[in-house]
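*Asks:* Quick one, what's the 3D model for this:
(chains A and B)
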Amino acid sequence: MTSGPDIAIAGVGLVGVGAFEGESVASVASRAVGAALADCGLARADVDGLFPHIGQPRGLDYDEIARLLALNVEVVMQPWSHGRFAATVLGAAWQALRLELVTCALCVAVWKPGGRRAGGASGAMFAETLREGGGPHAETPWAGAVAPVFGAALATRAYFERHKLDLALLGAIPVAQRKAAQRNPVALMRKPMSPADYETARFIVEPLRLFDCSVPAGIGAAFLLTTGERAAGLRQPPVYIRGWQGIHGGPDEYIFGHPGLGIDQANVFDYRPAGAGEPVFGRAGVSPADIDALYCYDAFSPQVLWTLERFGYCDPGEAAYFVQDGRIEIGGDLPVNTSGGHLSEGHSNGWGSFAEIVAQLRGQAGDRQVNGARLAQWATTLGDSVIFGADAA
Amino acid sequence: MPTQPDGSLSSVAWAGDGDPGYLLRPSPDSERFFAELAAGHFVLRCCPSCSRSRYPHAPVCPYCGTEGHEWRPAPPDGTVLSWARCHLEFVPEFAPLLPYVLLDVQMTAGVRIIARLAPGEPEPFTGMEVRLAAERWPGGAAVPIFVAAAQAAE
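*Replies:* Here you go, the predicted structure:
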């Protein structure tokens, strides 16, 4: 890894995943930040960097957070209010700490649900859907394709047909994640889900069914990061950020599918994953085989397949078989999304998984605990990733 | 219906509710595309250097990086790369069309276009030959829609 101090997550406050009806978003943020400070023993006055994710209208912008929560910060980074920037926000905090621009960074992931509909909360008049060049998931409002689920459905069919796979294989993912969610008191969807429940669920946009789509949600979470050295003297075991890589953009990139599948305008090519050659592994000094649990952005269940294939856990077309027979469940070869993920815990834009990773690597995940978990990876179909470790590099 | 004798696109009548015109917001880059479509023509921005067509209507050629463009007529033919069928009402104007089919089509012009399959067309499949048409909305706007090429040739 490049030079600079080891950086760790020192404190986490997760006050819920859900709608927070009757409570202001500022109040939720206050509770989350208070819980993170109490978790590790840092004080409000220690915070000098602020890294909020989703701002208005669902969440709070950085200036409101500072003003309403009595913070006084000198470095701020707030991205476009889109779910994909979870690792980008965490990475910005990590970078500011590595460069010693700040000494204690606060990431705020607090917002209300964007909608109640399966398939993507955005809706026809969402600014992102109406972008000049089309939406980021190939939304095409004049064609009635006004939510991310349309582009996800196109990619899902292309993927299963390209690799001559049975679509029924997809059901193993929501079923596995629901099993995990049943052990997670924070999860919104904890009712048992059988393979038959999955197969008989209604289509949202065919071939994607209700349970292939994430559960719309808000979240109240805050994360405090500091140097590993400082974190080690606080109340909780540090969870180190061992490696990071950013979102990719360009002619080979489309959010759904493995690279080369070629939905929307993305290039078609024969994709072979770089595996341990992905920079995040080199920066962390590990390979995919070392990872104890994998977490991914699962707005739609097939994204688990495409993440496994993007990061070299499987070759293209193989992940649909890999996820069968309990292999991605807690206790399986590679547990995936052990909190239930967006499909069952609720669509927290990744931050529910970050909280879960911290709990797992601290050994505090209760009956969800992955035995001996020392390394966990966050990875998405956009190419960004974070590797977290219970040990410093 | 084939392409009209004068080379213009065939038309498909709007079969949904009301006028979904608010869903079409042409930008300075795309207004020519939609205006030509309303006049029955399929045109794309092409690179003045490498001649390749692009979609969406970007200011720079995605293949060679040359700035600028020329609008040129393009063949309306394509092949279905993937398709999806919407079963949930997302937009009230589209409710009578449910379940409607969305296609991702590889056009012979090189670009891909995502648009609906017209109501009453045969069951879609990957590899299906389709032809771009103009769906005419009550407010006067027209948007791309696909019809089966086999049916179009009858």
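
*Asks:* model confidence over the lengthiest helix in chain B, on average?
*Replies:* What stands out as the longest helix in chain B, according to DSSP state H, is helix B:31-38. For helix B:31-38, mean pLDDT is 97.

*Asks:* do stretch A:216-224 as well
*Replies:* The average pLDDT within stretch A:216-224 is 97.

*Asks:* Provide a list of residue ranges in the chain with pLDDT below threshold.
*Replies:* Assuming you mean chain A. For chain A, the stretches with pLDDT under 70 are A:1-2, A:116-127.

*Asks:* hm, I was asking about chain B
*Replies:* Those would be B:1-7, B:151-154, if you go by pLDDT under 70 across chain B.

*Asks:* That one: helices as residue ranges?
*Replies:* In chain B, the segments counted as helices under DSSP H are B:31-38, B:149-153.

*Asks:* Between those helices, which one is closest to chain A.
*Replies:* Closest approach to chain A among the helices of chain B (C-beta to the nearest C-beta): helix B:31-38, 8.8 Å. Every C-beta, even on glycine, is put in place using the N, C-alpha and C of the backbone.

*Asks:* For the closest one, enumerate the helices and strands it packs against.
*Replies:* Using 3 or more C-beta pairs under 8 Å, 6 or more residues apart in numbering or on different chains; DSSP states H and E, the elements in contact with helix B:31-38 are strand B:43-46, strand B:129-136, strand B:142-148.

*Asks:* could you redo the last one with a cut-off of 7 Å?
*Replies:* Secondary-structure packing of helix B:31-38 (3 or more C-beta pairs under 7 Å, 6 or more residues apart in numbering or on different chains; DSSP states H and E): strand B:142-148.

*Asks:* picking that back up, make JSON lines from the helices of chain B and add mean neighbour count to it.
*Replies:* JSON lines is the format used below for these (neighbours: other C-beta atoms under 10 Å in any protein chain shown):
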{"stretch": "helix B:31-38", "mean neighbour count": "17"}
{"stretch": "helix B:149-153", "mean neighbour count": "15"}
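
*Asks:* Present the ones you listed as JSON lines; the columns should include distance to A:Ala231.
*Replies:* Below are those laid out as JSON lines (distance: least, C-beta to C-beta, whole Å):
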{"stretch": "helix B:31-38", "distance to A:Ala231": "54"}
{"stretch": "helix B:149-153", "distance to A:Ala231": "63"}
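
*Asks:* hang on, the earlier thing: between the longest helix of chain B and strand B:129-136, how big is the angle?
*Replies:* 100 degrees (axes from the mean of the first three to the mean of the last three C-alpha atoms, to 10 degrees).

*Asks:* Helix or strand: which one has A:Ala8?
*Replies:* Assigned by DSSP states H and E, A:Ala8 belongs to strand A:7-18.

*Asks:* I'd like to know how far A:Gly11 sits from chain B.
*Replies:* 40 Å (C-beta to the nearest C-beta, to the nearest Å).

*Asks:* Return the residues in contact with that residue.
*Replies:* A:Ala36, A:Leu37, A:Asp39, A:Cys40, A:Leu42, A:Leu224, A:Gln236 (C-beta atoms under 7 Å, 6 or more residues apart in numbering or on different chains).

*Asks:* Wait, a strand at the fifth one?
*Replies:* Looking back up the chat, that one is A:Leu42. No - counting by DSSP: H, G, I helix; E, B strand; the rest coil, A:Leu42 is not part of a strand but coil.

*Asks:* Correct me if wrong: it contacts A:Leu224.
*Replies:* Yes - A:Leu42 is in contact with A:Leu224 according to C-beta atoms under 7 Å; the separation is 5.7 Å.

*Asks:* Could you check which of the two is surrounded by more residues?
*Replies:* More neighbours surround A:Leu224 than the other of A:Leu42 and A:Leu224, with 27 against 21 (other C-beta atoms under 10 Å in any protein chain shown).

*Asks:* Tell me which residues touch that one, please.
*Replies:* By C-beta under 7 Å, 6+ apart, the contact list for A:Leu224 reads A:Ala10, A:Gly11, A:Ala36, A:Cys40, A:Leu42, A:Cys104, A:Leu106.

*Asks:* and if you look at A:Gln324?
*Replies:* Contacts of A:Gln324 (C-beta under 7 Å, 6+ apart): A:Leu169, A:Ala172.

*Asks:* Parallel or antiparallel, which strands does the strand ranked longest in chain B pair with?
*Replies:* Secondary structure of chain B read by DSSP state E shows that its longest strand is strand B:77-86. Strands adjacent to strand B:77-86 in the sheet, as given by DSSP bridges, are strand A:203-206 (antiparallel), strand B:100-107 (antiparallel), strand B:129-136 (antiparallel).

*Asks:* Among those strands, which comes closest to B:Pro28?
*Replies:* Distance to B:Pro28, taken as C-beta to C-beta, is lowest for strand B:129-136 among these, at 21.3 Å.

*Asks:* Also compute the angle for the closest one relative to strand B:142-148, please.
*Replies:* 150 degrees.

*Asks:* Dump strand B:129-136 to CSV, restricted to CA.
*Replies:* Extracted in CSV, the C-alpha atoms of strand B:129-136 (Å, rounded to 0.1, in the frame of the first residue of the first chain):
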residue,chain,number,x,y,z
GLU,B,129,-35.1,-8.7,-36.2
VAL,B,130,-36.8,-5.4,-35.6
ARG,B,131,-37.3,-2.0,-37.2
LEU,B,132,-37.4,1.4,-35.6
ALA,B,133,-40.7,3.3,-36.0
ALA,B,134,-42.1,6.5,-34.6
GLU,B,135,-44.6,6.3,-31.8
ARG,B,136,-46.8,9.3,-32.1
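
*Asks:* any idea how far that strand is from the chain center?
*Replies:* Its chain's C-alpha centre and that of strand B:129-136 lie 6 Å apart, by C-alpha atoms, centre = their mean, to the nearest Å.

*Asks:* Kindly report the same for stretch A:247-256.
*Replies:* Its chain's average C-alpha position is 17 Å from that of stretch A:247-256, according to C-alpha atoms, centre = their mean.

*Asks:* Other residues contacting it?
*Replies:* So stretch A:247-256 is contacted by A:84, A:88, A:136-137, A:151-152, A:155, A:259, A:263-264, A:266-267, A:381-384, B:62 (C-beta under 7 Å, 6+ apart).

*Asks:* Mind checking which of those residues are in helices?
*Replies:* A:Thr88, A:Gly151, A:Ala152, A:Ala155.

*Asks:* thought the third one was touching A:Ser301?
*Replies:* Looking back up the chat, that one is A:Ala152. No - counting by C-beta under 7 Å, A:Ala152 stays clear of A:Ser301, with 9.2 Å between them.

*Asks:* Compare these two (neighbour count), which wins?
*Replies:* A:Ala152 (31 against 28).

*Asks:* Nearest residue to the more buried one in space, please, no chain neighbours.
*Replies:* Ranked by C-beta to C-beta, 6 or more residues apart in numbering or on different chains and with sequence neighbours excluded, the top spatial neighbour of A:Ala152 is A:Phe300, at 4.3 Å.

*Asks:* what's the spacing between that neighbour and A:Asp197?
*Replies:* A:Phe300 sits 18 Å away from A:Asp197, going by C-beta to C-beta, to the nearest Å.
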